[in-house]
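J.: Sequence plus the predicted model coming up.
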Amino acid sequence: MNDLPIDKEEILHELDLIQDEDLKYRDGRILGSMCTEAHPFAKEVYVKFLDSNLGDPGLFRGTKSVEEKTIKIIGRLLNLDEAYGNIVTGGTEANIMAVRAARNHARKYKGIKNGEIILPKSAHFSFKKAADMMNLKIIEADLDENYKIDVNSVKNKITENTIAIVAIAGTTELGLIDPIEELSQIAHENNIYFHVDAAFGGFSIPFLKSIGYDFPEFDFKLEGVSSITVDPHKMGLAPIPAGGIIFRKKEYLEVMAVDSPYLTVKTQSTIVGTRLGASTVATYALLKYFGKSGYSKLADNLMKNTQFLRQSLEEIGYDVIVEPELNIVAFNHPEKSPDDLSEELEKINGWKVSVANCPKAIRIVLMNHVTKTHLKEFISDLKELY
Ligand code: 0PR
């Protein structure tokens, strides 16, 4: 550490150089990320609320009321009139909270000590963290030939120790939606907690549905669904960190509550103590700013870009792995391995794609920063590499 203060200008100059090393979303080279540049209005709001701490809500009553309103708005979007939950740091924390709620609920009401959690092979790795922290056993359900969770496999894996079933609305690798309706019914009949991870899909499926896209039911309309993860910092254009966890019942928050005697509230259910209010308020501001019609337009545009990429890839001879359901396209070169192609793409023009594992394929996430112009350049480079 320096002994004497350094001039602001000098520090800022150093930071500019450091920032130059980071990729920029607006350059359109980041093709495998579920995050994107936050909306400028959200950034403005974020700075305004940078000091507000949701960990001590009695001090920041205004900000706490915004968190409650935001949860209610997102809850209604997911067909739940009275929603409970929090805006947290991201999908990982949201999923950890859901698993913790399920584990504590099963321990309290069913006396389950060595819990098991059934989830598809396609589930995000955040569930592995949750299981590790809570000493739970992960039971992996098989995928069917379309890379979705196999309902019969789930049925067969239920035991007296099952504390939760998890399904995905927008899988990380392929953006697919599991058969949530059937699973909800199974969970309901067996009185098992059912969590839907819609970290990726939650901010677009409801909007796309409202403008006529055909999607199966995935939300609280289904009586078996206990909680949903939905992340504003993915398709919602909110600044990171902004994940969301919505619970059907207050008791799921209550079974996680620990005493916080010297704070302005006497219990706390979140994992994080001191919590940023800024991204929550920015999320609220964006929900108002865009409204349903604004978010629908955004989501529709992403789906149009998705179809454009899919068609162009097929035209130039690449194999598209599955028909995209959301804004992710996975494809392969007929001969080159995805790892080799990914390397060549980076060399030829700095493209940063990601490689999916199941199945092995190049995976493109069509976020807001990826424009039609970028896609045309990308296709032209792929043509050259064919
Ligand atoms: N659930 C699903 C279905 C997800 O896809 C993700 C993240 C999570 C939960 C966890 O969310 P957080 O990362 O907010 O905790 N999926 C992306 C992934 O792991 C996240 C990501 C975002 C990765 C931007 C890279 C990147 O540049 O692939």
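T.: Thanks, I have it.
J.: can I assume Leu382 is in contact with Gly317?
T.: No. Counting by C-beta atoms under 8 Å, Leu382 stays clear of Gly317, with 9.3 Å between them. The C-beta positions use only the backbone N, C-alpha and C, and glycine is treated the same way.
J.: Those two: which has the busier surroundings?
T.: Leu382 (23 against 11; other C-beta atoms under 10 Å).
J.: Count the residues that sit near the closest residue to the more buried one other than its chain neighbours.
T.: Spatial nearest neighbour of Leu382, chain neighbours left out: Ile316 (6.3 Å); criterion: C-beta to C-beta, 6 or more residues apart in numbering. As a burial measure, Ile316 scores 14 neighbours (other C-beta under 10 Å).
J.: can you check Asp7 too?
T.: Residues within reach of Asp7, counting by other C-beta under 10 Å, total 8.
J.: mind listing the helices for the stretch 251-386 of the chain?
T.: Along the stretch 251-386 of the chain, the segments classed as helices by DSSP state H, counting those that start in this stretch run 278-315, 338-349, 372-384.
J.: The stretch 51-200 of the chain now?
T.: In the stretch 51-200 of the chain, the helices defined using DSSP H, counting those that start in this stretch lie at 61-77, 91-110, 126-134, 151-157, 180-189.
J.: I'd like to know which of these is closest to the ligand.
T.: When these are compared by C-beta to the nearest ligand atom, helix 91-110 sits nearest the ligand, at 2.5 Å.
J.: measure the residue lying closest to Asn104 once chain neighbours are set aside to Glu189 for me?
T.: Among residues not flanking Asn104 along the chain, Val255 sits closest, at 4.0 Å (C-beta to C-beta, 6+ apart). Separation of Val255 from Glu189 (C-beta to C-beta, to the nearest Å): 22 Å.
J.: out of these two, which sits in the busier spot?
T.: Val255 (19 against 9).
J.: how close does the more buried one sit to the ligand?
T.: Using C-beta to the nearest ligand atom, to the nearest Å, Val255 is found at 22 Å from the ligand.
J.: How many residues are close by Asp259?
T.: Neighbourhood size, Asp259 [other C-beta under 10 Å]: 9.
J.: Verify the stated contact: it with Thr267.
T.: Yes. Here Asp259 reaches Thr267: they are 5.9 Å apart, a contact under C-beta under 8 Å.
J.: so where's the chain shaky on pLDDT?
T.: Applying pLDDT under 70 to the chain flags no residue at all.
J.: Columns distance to Ala199 on top of the helices of the stretch 251-386 of the chain, output as a markdown table?
T.: Converted to a markdown table, the helices of the stretch 251-386 of the chain look like this (distance: least, C-beta to C-beta, whole Å):
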| stretch | distance to Ala199 |
| --- | --- |
| helix 278-315 | 14 |
| helix 338-349 | 24 |
| helix 372-384 | 24 |
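J.: Which one of these lies nearest to the ligand?
T.: Per C-beta to the nearest ligand atom, nearest to the ligand of the helices of the stretch 251-386 of the chain: helix 278-315, 11.5 Å.
J.: residues of that closest one that come out buried?
T.: Burial within helix 278-315, assessed by neighbour count using 16 or more other C-beta atoms under 10 Å, is assigned to 278-287, 290, 295-296, 298-300, 302-303, 305-306, 308-310, 312-313.
J.: gap between the residue nearest to the spatial centre of the chain and Ser226?
T.: Nearest to the geometric centre of the chain sits Ala199, at 2.3 Å (C-alpha atoms, centre = their mean). The gap separating Ala199 from Ser226 is 16 Å, by C-beta to C-beta.
J.: related to what we said a few turns ago, test my guess that the residue nearest to Asn104 contacts Ala106.
T.: No. Judged on C-beta under 8 Å, Val255 makes no contact with Ala106 at a distance of 9.3 Å.
J.: list the contacts for the nearest residue to Glu160 once chain neighbours are set aside?
T.: Spatial nearest neighbour of Glu160, chain neighbours left out: Ile112 (7.6 Å); criterion: C-beta to C-beta, 6+ apart. Taking C-beta atoms under 8 Å, 6 or more residues apart in numbering as the criterion, Ile112 is in contact with 106, 160-161, 163.
J.: again, only this time at 7 Å
T.: 106, 161, 163 (C-beta atoms under 7 Å, 6 or more residues apart in numbering).
J.: Please apply the same query to Leu237.
T.: 36, 38-39, 42, 286, 368.
J.: Using CSV, lay out the helices of the stretch 251-386 of the chain together with distance to the ligand.
T.: Formatted as CSV, the helices of the stretch 251-386 of the chain follow (distance: least, C-beta to the nearest ligand atom, whole Å):
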stretch, distance to the ligand
helix 278-315, 12
helix 338-349, 15
helix 372-384, 16
